[in-house]
Each structure stands twice: as C-alpha cells, then as structure tokens.
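Novice: compute the structure for the input listed below.
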Amino acid sequence: MRESSEDVELAGQRQGERDGDSERELGGESGRRRFLSLVSIASAVLTGLIAGFTPVAAALSPAFRRPRAARWVRVVPDVNSVDIGVPFKVDFIDEVQDGWIESRALRSVWLSTEDAVEFKAWSGVCTHLGCSVSFDTEKDRFHCPCHHGLFDKQSGEVLGGPPPRGLDPLPVKVENDEVFVQYVTFRVGTEHREPL
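Specialist: Okay, here's the model as predicted:
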C-alpha cells in the first residue's frame, strides 16, 4: 500500500500534535518542579532563620539587658534598738527574678555603728566561695567557717585565709530612724568587685 501525500501530511500533523502535547506536558511538569523547588528553598531559608534566631538573640541579649534598678531594703526598723560598737547580722527575704522565673532568696547583711547615726554595711557572703560569714566576738573579727577567711571588724578587709578581697561593702542610709541597705550580689572568687 502506498501512502498518499495526504496521509503523510495527516500523519505529520498528528505527530506534531503529539509532540506539542508532550511539550505541554513537559512544560506543565517543568512548572510544577520549579514551583516545588521554590517552595523547598523558601522552607529551608525560613527554617534556617528560625533556627539561627535563638543563638543570635542569646548572644546579643546582654547588650540590651536593662540594669537592675537600685532597691533599698529596710533592715532595721528603729536605730535605737541596735547595739553600738558590735556588728550585727540581719537576714531578709529578697525577690529574685531569673528570666521568667521569680523566686525568693534569703540574704544576709552585717551592720555596724558607733553612734546609731552612721552605719556601715557589708554583704554576709564570703568573697572566697560564697559561704556565710559570722562574727567572732572573742577575737573581734568576721570569720568564714568554710576555709577560715578572716575579715577586719571596722573595714571588712581580709586579715587572713584564702578570700581574694575584703567583704563587699553595701550602700546604707538612715531615714526616719530606719536603716536601709541597697543589697547587691557580687561575683565570688575574684579580686575585683563585679556586681551580678
């Protein structure tokens, strides 16, 4: 059988239509592939940004941290009730906020006065490793029982033992016969006073 020129032409048209269909299918397939590739890339970038935000925020957060407001704590309600010339310890509850967690901590300060007008205040924490300091009335000096750090009664300076610096002095004021202390927590184990 011989094919007529019309048959060959018709076959060519059909072949062309089939090629066009396959190109359209490929074009459609290519469009879907490109769309899915873009979605995958966008998802990867978004995931990277989210995962990278946490360490960047943690690294930069100290630069934007607000300093803790100075807070005065009433430690003596009446100056007439204190012993003159003998250091005395006052414990109080302090509200502590660490991130989103609020808690309470027992704090101690040592106060001393010679006239019930002017007061000196020191943190009750040893500067060596953070143990509580006591006052030795027989030897007339502060003593840390953990590693036998010794501190002067008048200045809080180190007299002996391993503490790297003297007791941390605290601001103190008297208003209306009440004594207030501005409590600050310092880093222990260092020569320089570094507030936390």
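
Novice: show me where pLDDT drops low in the chain?
Specialist: 1-28, 62-70 (pLDDT under 70).

Novice: which residues in it form helices?
Specialist: 5-64 (DSSP state H).

Novice: neighbouring strands for the longest strand along it, and are they parallel or not?
Specialist: Determined from DSSP state E, the single longest strand within the chain is strand 101-113. Here strand 101-113 has these sheet partners by DSSP bridges: strand 88-98 (antiparallel), strand 119-123 (antiparallel).

Novice: any idea which of those strands is most buried?
Specialist: strand 119-123 (a mean of 22; mean count of other CB atoms under 10 Å). No exception for glycine: its C-beta is placed from N, CA and C like everyone else's.

Novice: which residues sit against stretch 130-146?
Specialist: Outside stretch 130-146, the residues that touch it by CB atoms under 8 Å, 6 or more residues apart in numbering are 86-89, 108, 110, 122, 124-126, 128-129, 147, 149-153, 156, 159, 161, 163, 167, 188.

Novice: swap in 10 Å and give it another go.
Specialist: With contact meaning CB atoms under 10 Å, 6 or more residues apart in numbering, stretch 130-146 is reached by 86-89, 91, 106, 108, 110, 112, 122-129, 147, 149-154, 156, 158-163, 166-167, 185-189.

Novice: what comes up buried for it?
Specialist: Applying a neighbour-count criterion of 16 or more other CB atoms under 10 Å, one finds 131, 133, 135, 141-144 buried in stretch 130-146.

Novice: and these, which two are the farthest apart?
Specialist: Across these, the longest distance by CB to CB is 15.7 Å; it joins 131 and 141.

Novice: before we move on, the earlier item: put the alpha carbons of the longest strand of the chain into PDB.
Specialist: C-alpha atoms of strand 101-113 as PDB (Å, rounded to 0.1, in the frame of the first residue of the first chain):
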ATOM      1  CA  ILE A 101      11.200  32.600  87.000                       C
ATOM      2  CA  GLU A 102      10.600  34.600  90.200                       C
ATOM      3  CA  SER A 103      11.800  33.200  93.500                       C
ATOM      4  CA  ARG A 104      12.800  34.300  96.900                       C
ATOM      5  CA  ALA A 105      16.200  34.100  98.500                       C
ATOM      6  CA  LEU A 106      17.400  34.600 102.000                       C
ATOM      7  CA  ARG A 107      20.000  37.300 102.100                       C
ATOM      8  CA  SER A 108      22.300  38.500 104.900                       C
ATOM      9  CA  VAL A 109      24.000  41.700 105.700                       C
ATOM     10  CA  TRP A 110      26.300  42.800 108.500                       C
ATOM     11  CA  LEU A 111      25.800  46.200 110.000                       C
ATOM     12  CA  SER A 112      27.900  48.200 112.400                       C
ATOM     13  CA  THR A 113      27.600  51.600 114.000                       C
END
